[in-house]
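1. With the input below, show me the fold.
(one chain, ligands or ions: 1)
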Amino acid sequence: MTQIGVLLSGRGSNFLAIADTIERGEIPGARIAAVLSNVAGAPGIHAAQARGLHTATVESRGCKRAEHDAAMLERLRDAGVELVCLAGYMRLLSPGFVDAYPQKILNIHPSLLPAFPGLDAQRQALAYGVRVTGCTVHFVDKELDHGPIVLQRTVPVLDTDDEAALAARILEQEHLAYPEAIARVLSGRYHFAGRRYVLRDAPTMAAGGTH
Ligand code: GRF
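-> Below is the predicted model:
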């Protein structure tokens, strides 16, 4: 069993997609050991509690980054977490946090990185006028939205799109991409070639649209 820790700050729909996929037995060897938030009252935490999962909130407001991260790390370690999944966790990790879980932290971002890192990726994509965007699951390194890419799913931008419509279609793909990426990583059948994540013949869950 690999113990997964999910970090979130809000809605938690990616967390729920991961939890549902695990409950269906579609990510062999995965168990959610803890769901942590840095924001009091995050809906994602309520959803995790409703499922009987172990949760904790460590408020980050007014707290120094290194101190907050140390408190989060303590809870992750207490829960025996081996793989950290950032799922709408709206806070940069300190270098110390990244070092504590080398190549064991994943994040999902609502664009095809390296395009449109940072906040409001969907708005950035619309403003730029790209015809295709999507989502990226990547390992976390010390730079924002930057580490090796596990997988990406594409989403066409429609002429009729506004930010909400585009974000909703990207989110549907996120909910497929994140569980699939976790399954790939837990398979262990990959290596890094420079910053390229190279998969070796692992079975994948999702079909078209994943790259
Ligand atoms: C998602 O769009 C994710 O890509 C970004 O933050 C949003 C979180 O949504 N990092 P949710 O809380 O998982 O519903």
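2. in stretch 149-159, what counts as buried?
-> Buried residues in stretch 149-159, counted by 16 or more other Cβ atoms under 10 Å: 149-153, 155, 157. In this view, the C-beta of every residue, glycine as well, is placed from N, C-alpha and C.
3. do stretch 5-14 as well
-> Result for stretch 5-14 [16+ other Cβ under 10 Å]: buried residues 5-10, 12-14.
4. re earlier: out of the buried residues of stretch 149-159, who's nearest Arg123?
-> Val157 (11.9 Å; Cβ to Cβ).
5. got the contact list for the closest one?
-> Val157 makes contact with 125-126, 130-133, 166, according to Cβ atoms under 8 Å, 6 or more residues apart in numbering.
6. Ok, Ala47 next?
-> Shown in contact with Ala47 (Cβ under 8 Å, 6+ apart): 12, 15-16.
7. how much space is there between it and the ligand?
-> Using Cβ to the nearest ligand atom, to the nearest Å, we find Ala47 at a distance of 10 Å from the ligand.
8. thinking again about what came up before, in a markdown table: the contacts of Val157, plus secondary structure, neighbour count and pLDDT.
-> Listed next are the contacts of Val157 as a markdown table, based on DSSP: H, G, I helix; E, B strand; the rest coil; neighbours: other Cβ atoms under 10 Å; pLDDT from 0 to 100:
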| residue | secondary structure | neighbour count | pLDDT |
| --- | --- | --- | --- |
| Ala125 | helix | 26 | 98 |
| Leu126 | helix | 19 | 98 |
| Val130 | coil | 16 | 98 |
| Arg131 | coil | 9 | 98 |
| Val132 | strand | 11 | 98 |
| Thr133 | strand | 25 | 98 |
| Leu166 | helix | 22 | 98 |
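9. Under a three-state scheme, what state does the residue of the chain found nearest the ligand occupy?
-> In the chain, the residue that lies nearest the ligand is Gly88 (2.7 Å; Cβ to the nearest ligand atom). Of the three states, Gly88 takes coil under DSSP: H, G, I helix; E, B strand; the rest coil.
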